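A.B. asks: Generate coordinates for the sequence data below:
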Amino acid sequence: MRVLLLLLILSLTSAFELKVATYNVENLFDLKKSGHEYPQYSPSYENWNIASYQTKLENTSNVIAALNPDILAVQEIENESVLKALVNRCNAKGTHFSSVTFGELPHSLSVGVGLISRYPLSNTVRHPVNLPKKIKTRMILESQVTTPAGTIRVIAVHWPSKAQKESFRNLAAQTVKRIIDTLPSGCEYLILGDFNSNFDEASSLLTDNQDDSRGITGINHLLKTTLSPVGTPFIPITPEEVRSKGSSFHYNPWVEKSGTDQFSYRFRGNFNTIDHILIPATLLDSKGLRYKSGSFEQFTLFGALLDNYTPIRWQTLPTKDGFIHLNRGWSDHLPVSLLLSTDCPLPNLRKSSAGSFEHSHDGWIVQNSKFLAVRSKEQSAEGNWSLRISGEDKKNGTAVRLTAIIPPNQKVGTLKIAGEGCYGIRIQKHNSEKWFYLKGTTYSGSAAQTFSILPQKKWTQRFFSLSPFKAGDTVNLEIRYRANIQHGMFIDDISLNGWFRLREK
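C.D. replies: Numbers count the residues shown, from 1 in each chain. Below you'll find the predicted structure:
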């Protein structure tokens with residue numbers, strides 16, 4: 001009765017807003033031995049005891065209560081009983097969750113996926129992902145949420161980890177795709193959870209030894225968050241492109257972020273964007289609920305969940321016999337969230353932002369598999385980091401590319417470059433066949449690239465005119481290399497930089 005009354009009251013208002021989030025809580029186990037626990041979370045192991053369990057519940061519920069979502073997907077929950085215990089702890093802090101569902105059969109896997117909602121969940125389906133060699137992975141959980149603005153389907157995932165090659169995640173993506181293909185025309189839905197894939201996985205796949213699928217990635221190619229052909233570096237799809245393409249294409253709001261706002265997980269010091277909320281065309285149009293531009297964000301509890309830009313995970317202390325739980329910390333992931341609304345502008349592009357590689361690659365993508373581009377402290381013009389580009393090939397070509405948008409009132413772009421080798425710079429309007437080749441500070445009209453010898457450790461600032469373009473144009477800027485020379489280039493302090501961004505009109 002309370003939920004129905006709430007729905008009635010909210011339905012009478014002119015606008016409705018829904019906060020949706022996903023959070024990998026990192027191994028929330030109870031104190032009942034099932035035989036499927038990770039060893040360090042077995043009730044008979046070391047000090048995983050009532051104090052540890054209650055502290056983990058308390059810390060996790062504090063994060064969720066502060067995040068205050070209407071719909072939440074959670075990962076790494078042992079069972080439905082633990083999920084309900086977490087919900088009870090959250091509700092004691094004022095969250096008012098009323099509906100819970102869990103994605104695994106009893107005692108099938110160590111951890112699973114759950115959905116928590118303030119609004120009724122119904123028509124829940126658990127979809128198995130069939131992996132080779134009898135390897136098990138988490139089921140994909142699908143449920144319908146009834147809100148004052150209508151119903152929305154929620155598809156919660158936790159894809160196979162990077163311990164497996166990309167083909168395993170592709171099988172999970174194919175399962176998601178089959179779910180989407182059966183949804184009614186015009187259905188509003190979200191895909192969210194831990195994908196164990198970065199938003200630009202197609203680019204990192206070229207260099208991280210995960211490719212056993214001929215360049216096909218689950219998140220970029222099967223769920224269509226890019227228009228880039230298979231085997232080429234990732235360029236993000238825009239909200240306008242998703243709207244025009246329609247069914248089965250998805251917008252990934254991670255592309256709105258940059259620097260220390262663009263990660264939910266860190267591995268070996270690198271920023272990763274493996275927790276996602278993917279948005280279909282039906283949530284980017286003028287009907288019903290739609291994505292509120294710029295609302296996507298990582299949640300840090302005002303910085304309390306971070307130590308030096310690293311999530312403060314549940315703390316354990318190695319011993320000669322295993323581990324001891326220290327009963328502090330949260331998770332090795334950050335929650336991410338976004339807002340859906342019945343009264344907000346349609347998402348559109350806005351200008352890009354400047355960056356200097358202090359926290360990410362800032363949108364630069366490798367274009368040749370014989371080259372590597374990594375953030376480096378070896379040499380920098382500004383701050384502590386630069387982008388090191390290294391490799392060699394037998395033909396002239398492009399090492400790295402940046403896709404960006406010309407900011408208002410910017411007539412000249414700049415970058416600083418150093419290192420060893422011979423380089424060239426060219427620029428074109430996105431989706432155009434015409435290139436402008438930098439020659440000095442102007443452009444050559446021919447297709448012949450002018451190459452310059454790098455000044456080794458001395459930084460040189462290069463200026464390139466933006467006069468062929470106007471504010472708002474999307475452009476591709478490329479750093480080229482000369483054939484048969486080993487390159488070790490560094491670039492830094494770019495004045496034209498960043499991914500596609502959004503604004504509200």
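
A.B. asks: ok, now which ones touch residue 393?
C.D. replies: The neighbourhood of residue 393, defined by CB atoms under 8 Å, 6 or more residues apart in numbering, consists of 368, 370, 371, 481, 483. All C-beta atoms are positioned from the backbone trio N, CA, C, and that covers glycine.

A.B. asks: Not counting sequence-adjacent ones, nearest residue to the third one?
C.D. replies: In other words, residue 371. In this structure, residue 371 finds its nearest non-sequential neighbour in residue 391, 3.3 Å apart by CB to CB, 6 or more residues apart in numbering.

A.B. asks: thinking again about what came up before, from the contacts of residue 393, which is closest to residue 95?
C.D. replies: Among the contacts of residue 393, residue 371 lies closest to residue 95 (CB to CB), at 48.6 Å.

A.B. asks: What does the pLDDT read for the closest one?
C.D. replies: Looking at residue 371, its pLDDT stands at 86.

A.B. asks: list the contacts for it?
C.D. replies: Counting by CB under 8 Å, 6+ apart, residue 371 touches 389, 390, 391, 393, 399, 400, 481, 487.

A.B. asks: For the fourth one, give its distance to residue 481.
C.D. replies: Right, residue 393. 7 Å (CB to CB, to the nearest Å).

A.B. asks: Are there residues contacting both of the two? Which ones?
C.D. replies: In terms of CB under 8 Å, 6+ apart, residue 393 and residue 481 are both contacted by the residues 368, 371.

A.B. asks: and residue 59, helix, strand or coil?
C.D. replies: Put simply, residue 59 is helix when judged by DSSP: H, G, I helix; E, B strand; the rest coil.

A.B. asks: Next up, the contacts around it.
C.D. replies: With contact set as CB under 8 Å, 6+ apart, residue 59 has these partners: 314, 328, 329, 330.

A.B. asks: which one is the first one nearest to, not counting chain neighbours?
C.D. replies: Taking CB to CB, 6+ apart, and ignoring the residues beside it in sequence, residue 314 has residue 329 as its nearest neighbour in space, at 4.5 Å.

A.B. asks: Can you give me the neighbour number for the one you found?
C.D. replies: 19 (other CB atoms under 10 Å).

A.B. asks: Also residue 396?
C.D. replies: Taking other CB under 10 Å as the neighbour definition, residue 396 ends up with a count of 16.

A.B. asks: so it touches residue 478, yeah?
C.D. replies: No: if you go by CB atoms under 8 Å, residue 396 and residue 478 don't touch, sitting 11.7 Å apart.

A.B. asks: From the contacts of residue 371, pick the one nearest residue 15.
C.D. replies: Proximity of the contacts of residue 371 to residue 15 (CB to CB) peaks at residue 400, which lies at 43.7 Å.

A.B. asks: can you pull the contacts of that closest one?
C.D. replies: Neighbouring residues of residue 400 by CB under 8 Å, 6+ apart: 364, 365, 366, 367, 371, 373, 387, 389, 478, 479.

A.B. asks: what's the host helix or strand of residue 145 packed up against?
C.D. replies: Secondary structure assigned from DSSP states H and E places residue 145 in strand 140-147. Judged by 3 or more CB pairs under 8 Å, 6 or more residues apart in numbering; DSSP states H and E, strand 140-147 is in contact with strand 99-102, strand 112-117, strand 121-127, strand 150-158, helix 166-182.

A.B. asks: Now do the contacts for the residue nearest to residue 297 when sequence neighbours are not counted.
C.D. replies: Counting by CB to CB, 6+ apart, residue 337 is the residue found nearest to residue 297 once chain neighbours are left out, at 6.3 Å. Neighbouring residues of residue 337 by CB under 8 Å, 6+ apart: 19, 20, 21, 22, 67, 69, 277, 295, 296, 297, 299.

A.B. asks: Listing partners with orientation, what would you give for the biggest strand by length in the chain?
C.D. replies: Across the chain, the longest stretch assigned as strand under DSSP state E is strand 17-28. Each strand that pairs with strand 17-28, with its direction, by DSSP bridges: strand 71-77 (parallel), strand 336-341 (antiparallel).

A.B. asks: could the contacts of residue 400 be laid out in CSV, adding distance to residue 221 and secondary structure?
C.D. replies: As requested, the contacts of residue 400 are arranged in CSV below (distance: CB to CB, whole Å; DSSP: H, G, I helix; E, B strand; the rest coil):
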residue, distance to residue 221, secondary structure
364, 21, strand
365, 15, strand
366, 17, strand
367, 18, coil
371, 22, strand
373, 21, strand
387, 26, strand
389, 25, strand
478, 23, strand
479, 26, strand
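
A.B. asks: among the residues you listed, who's most crowded?
C.D. replies: residue 364 (27 neighbours).

A.B. asks: Okay, now the unreliable bits of the stretch 251-400 of the chain?
C.D. replies: Low-confidence segments of the stretch 251-400 of the chain, defined by pLDDT under 70, span residues 347-356, 358-363.

A.B. asks: Do you have the strands of it handy? List them.
C.D. replies: 265-267, 270-272, 275-280, 290-291, 297-298, 316-319, 322-325, 336-341, 348-350, 364-366, 371-376, 386-391, 397-405 (DSSP state E, counting those that start in this stretch).

A.B. asks: quick one on the thing from earlier: who's the residue nearest to residue 297 bridged to?
C.D. replies: Applying DSSP bridges to residue 337, the residues it is bridged with are residue 21, residue 297.

A.B. asks: Residue 79 reaches residue 105, doesn't it?
C.D. replies: No: counting by CB under 8 Å, residue 79 does not reach residue 105; the two are 9.8 Å apart.

A.B. asks: Neighbour count: these two, which is higher?
C.D. replies: The residue with the greater number of neighbours, taking residue 79 and residue 105 and applying other CB under 10 Å, is residue 79; the counts read 25 against 12.

A.B. asks: Contact partners for the more buried one?
C.D. replies: For residue 79, the set of contacting residues under the criterion of CB under 8 Å, 6+ apart consists of 30, 34, 102, 104, 106, 112.

A.B. asks: returning to what we had before: biggest separation within the contacts of residue 393, which pair?
C.D. replies: Pairwise distances across the contacts of residue 393 (CB to CB) peak at 12.5 Å, for the pair 371 and 483.

A.B. asks: Give me the neighbour count for the closest residue to residue 187 other than its chain neighbours.
C.D. replies: Among residues not flanking residue 187 along the chain, residue 153 sits closest, at 6.0 Å (CB to CB, 6+ apart). The burial count assigned to residue 153 is 21, neighbours taken as other CB under 10 Å.

A.B. asks: gap between the two ends of stretch 262-273?
C.D. replies: Stretch 262-273 has an end-to-end distance of 7 Å (CA to CA, to the nearest Å).
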